[in-house]
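Visitor: Give me the fold of what follows.
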Amino acid sequence: MNKSLPLILLIAGCSFIPPHERPAAPVPQAWPLPSAVSPAPGFNGDWRAFFTDPALQRLIGLALEHNRDLMIAIARVEEARAQAGLARADRFPTVDVGLQEQAARVPGSLTSSGRPTHNRRFDANLSMTAFELDFWGRVKSLDEAARANFLASDYARQAFELSLISDVASAYYSLIELATRSRLTAATLKNRAENRRLIERRRDVGLATDLDFLAADGAYQAAAAELANLERQQAAAANALRLLVGSDIGAFLDGPALGFGALPEVPVGLPSEVLLRRPDVLAAEQKLIAANANIGAARAAFFPKIVLTVLAGSASPALSGLFGGGSGAWSFVPVLKWPLFDAGRNAANEDIAAARQHIAVAEYEKTIQQAFREVADLLAAREHYAQQLEALVQAEAAQAERLRRVEARQRAGVSSYLELLDAQRELFAAQQAVISVRRALAATAAGLFKATGGA
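Guide: Sure, this is the predicted structure:
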């Protein structure tokens, strides 16, 4: 027996947890970096430095304080923290103080003397019940798994926070777009109403035809329908932003006349420098660590378990003598449990833990691949939206110049009203397109803040 003791102690000092090695990122080593985007210093999660619009900053601040989904995520982190505390508490003995009285009466028919007996006992003790000596690291493994799950939950909360910031910015940009387009459409509607009245008066004196009036009226009605549609979308966008912020935003609804302002610079680096610090990637890695720890707990279940129950205190047949001399009492109950036959239960548990570890590896790698795609898509979108916006601005300028010349020709009686109306429509469409693409370009910046883990 003494010869086997060193071997037992050696095994007890071993860990059954597989060593954690971060899987290699299954993505290219560099972004497909668009030529229009150059590397810039990171913001390290400082959204105030990234989003410099004061109104947007106030909205994001309100969302971080009042958004109900974020409150739920924070509560789940606290739940995971408490569960980790429970797992850690299992590594230490639980000591209780107890004071107990036992009283019993035995009828005479059950005693040897034929007379009833009365028994009374008082106990006061400190007790440690069913404490497992963690020779094989089973409880330690469960503790490490619970801690990793807690960290994964906290990283998930951080990922949601980044997503919330990005969503608030995108919703704000959408509200700005719709408000700007609504103002442009309202101005266009007013102008077309004046044109319709002018054409109607000209028709009454024979200087315009019914066809001219019908064209003017159709243009007016089209603008009125577009304004109603934009106002509906603007109300929906305001409601969406209100839900994200989680509080009243009435003071901000008149503010989106501000415009988009200067777009933030977006930092770009290698995937290993950016993706691996994304909270969702860190959460996936912590889940992988937890899966490794669960393998260790499953392997430790194959070895004997030693459980101790210890009681020490005082016992007396009378309360007055409970702490008198000679009343000391103790109990020591060690239990050794060695799994001999469990119909493959422990082996199946180990297989389950190993399978879940493989799943965690695949999910970690998939998270990195998804992150890489998000950043690559947004970088490509940013470059092409910038090119599209430049072309649309030029098209808007061209249509404005065309309208100016057509108006001059129409006043000189060279061009018809239909030609003027066509030029007005083309300019209106170009202006609307410029506003929409500006919003899309701004939204890519918001998306990149989230996709790069806070830049």
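
Visitor: thinking Leu86 is in contact with Ala146, fair?
Guide: Yes - counting by C-beta atoms under 8 Å, Ala146 is a contact partner of Leu86 at 7.4 Å. No exception for glycine: its C-beta is placed from N, CA and C like everyone else's.

Visitor: the more surrounded of the two?
Guide: Ala146 (22 against 11; other C-beta atoms under 10 Å).

Visitor: what sits against the more buried one?
Guide: Applying C-beta atoms under 8 Å, 6 or more residues apart in numbering to Ala146 gives the contacts Gln83, Ala84, Leu86, Ala87, Arg88, Ala290.

Visitor: Let's see that with 6 Å instead.
Guide: Neighbour list for Ala146: Gln83, Ala84, Ala87 [criterion: C-beta atoms under 6 Å, 6 or more residues apart in numbering].

Visitor: In which helix or strand does the last one reside?
Guide: Following DSSP states H and E, one finds Ala87 within helix 68-89.

Visitor: That helix - what's its average pLDDT?
Guide: Helix 68-89 carries an average pLDDT of 89.

Visitor: by contact count, what packs against it?
Guide: Contacts defined by 3 or more C-beta pairs under 6 Å, 6 or more residues apart in numbering; DSSP states H and E place helix 68-89 against helix 138-204.

Visitor: so how far is the helix or strand following the helix it packs on off the chain centroid?
Guide: Going down the chain from helix 138-204, the next helix or strand is helix 210-245, by DSSP H and E. In this view, helix 210-245 has its centroid 35 Å away from the chain centroid, taken as C-alpha atoms, centre = their mean, to the nearest Å.

Visitor: For helix 210-245, buried residues please.
Guide: For helix 210-245, burial by neighbour count (16 or more other C-beta atoms under 10 Å) applies to 212-213, 215-216, 219-220, 223-224, 226-227, 230, 233-234, 237-238, 240-242, 244-245.

Visitor: Can you pull out the low-pLDDT segments for this structure?
Guide: Applying pLDDT under 70 to the chain flags residues 1-15, 29-45, 251-273, 455.

Visitor: for it, which residue is closest to the average position?
Guide: By C-alpha atoms, centre = their mean, the chain has its centre lying nearest to Phe160, at 2.0 Å.

Visitor: Please determine how far it is located from Arg299.
Guide: Using C-beta to C-beta, to the nearest Å, we find Phe160 at a distance of 35 Å from Arg299.

Visitor: ok, residues contacting stretch 172-185?
Guide: With contact meaning C-beta under 6 Å, 6+ apart, stretch 172-185 is reached by 56, 59, 226-227, 230-231, 233-234, 237, 241, 256, 431-432, 435, 439, 442-443.

Visitor: Show me which residues of that stretch are buried.
Guide: By neighbour count on 16+ other C-beta under 10 Å, the buried set for stretch 172-185 is 172-182, 184-185.

Visitor: Kindly report the same for stretch 186-195.
Guide: Neighbour counts over stretch 186-195 (16+ other C-beta under 10 Å) mark Ala186, Thr188, Leu189, Arg192, Asn195 as buried.

Visitor: ok, the third one touching Ala222?
Guide: No - judged on C-beta atoms under 6 Å, Leu189 makes no contact with Ala222 at a distance of 9.4 Å.

Visitor: hey, where'd the helices end up in the stretch 301-450 of the chain?
Guide: For the stretch 301-450 of the chain, applying DSSP state H, counting those that start in this stretch gives helices covering 345-411, 417-451.

Visitor: Just say which of those is most tucked in.
Guide: Of all the helices of the stretch 301-450 of the chain, helix 417-451 carries the top mean neighbour count, a mean of 20, counting by mean count of other C-beta atoms under 10 Å.

Visitor: which secondary structure elements does it contact?
Guide: For helix 417-451, the packing partners by 3+ C-beta pairs under 6 Å, 6+ apart are helix 138-204, helix 210-245, helix 345-411.

Visitor: packing partners for the second one?
Guide: Counting by 3+ C-beta pairs under 6 Å, 6+ apart, the packing neighbours recorded for helix 210-245 are helix 54-66, helix 138-204, helix 417-451.

Visitor: remind me, longest strand of this protein?
Guide: Longest strand in the chain, counting residues (DSSP state E): strand 117-133.

Visitor: Can you give the contact residues for it?
Guide: With C-beta under 6 Å, 6+ apart as the test, strand 117-133 has contacts from 93, 95-106, 111, 306-317, 319, 322.

Visitor: of these, buried ones?
Guide: Buried residues within the contacts of strand 117-133, counting neighbours by 16+ other C-beta under 10 Å: Ile306, Val310, Leu311, Gly313, Ser314, Ala315, Ser316, Leu322.

Visitor: Would you quantify the distance from the fourth one to Asp212?
Guide: Taking C-beta to C-beta as the measure, Gly313 falls 108 Å from Asp212.

Visitor: Show me how the chain divides into domains.
Guide: When the chain is parsed with automatic domain parsing, its domains come out as 14-91+134-303+345-451, 94-133+305-338.

Visitor: any idea how far the shortest one is from the chain center?
Guide: Translated: domain 94-133+305-338. With C-alpha atoms, centre = their mean as the basis, the distance from the averaged C-alpha position of domain 94-133+305-338 to the chain average is 54 Å.

Visitor: now swap in the first one and tell me
Guide: Centroid displacement of domain 14-91+134-303+345-451 relative to its chain, using C-alpha atoms, centre = their mean, is 13 Å.

Visitor: Renumber starting at 42 from here on
Guide: Yep, numbering from 42; the last one is domain 55-132+175-344+386-492 now.

Visitor: Can you pull the phi/psi pair for the closest residue to Leu317 other than its chain neighbours?
Guide: Leaving aside its sequence neighbours, Leu317 sits nearest to Ala66 (C-beta to C-beta, 6 or more residues apart in numbering; 7.2 Å). Backbone torsions for Ala66, taken as degrees, to the nearest 10, come to phi -70, psi 120.

Visitor: Ala66 is in contact with Lys407, isn't it?
Guide: No - in this structure, Ala66 is not within contact of Lys407 by C-beta under 6 Å, at 11.5 Å.

Visitor: sorry, back to before: out of the buried ones among the contacts of strand 158-174, flag the one nearest to Leu377.
Guide: Nearest to Leu377 among the buried ones among the contacts of strand 158-174 is Ile347, at 5.5 Å by C-beta to C-beta.

Visitor: Now do the closest one against Ile336, distance only.
Guide: According to C-beta to C-beta, Ile347 stands 22 Å off from Ile336.

Visitor: and what of Leu282?
Guide: Per C-beta to C-beta, Leu282 is found 46 Å from Ile336.
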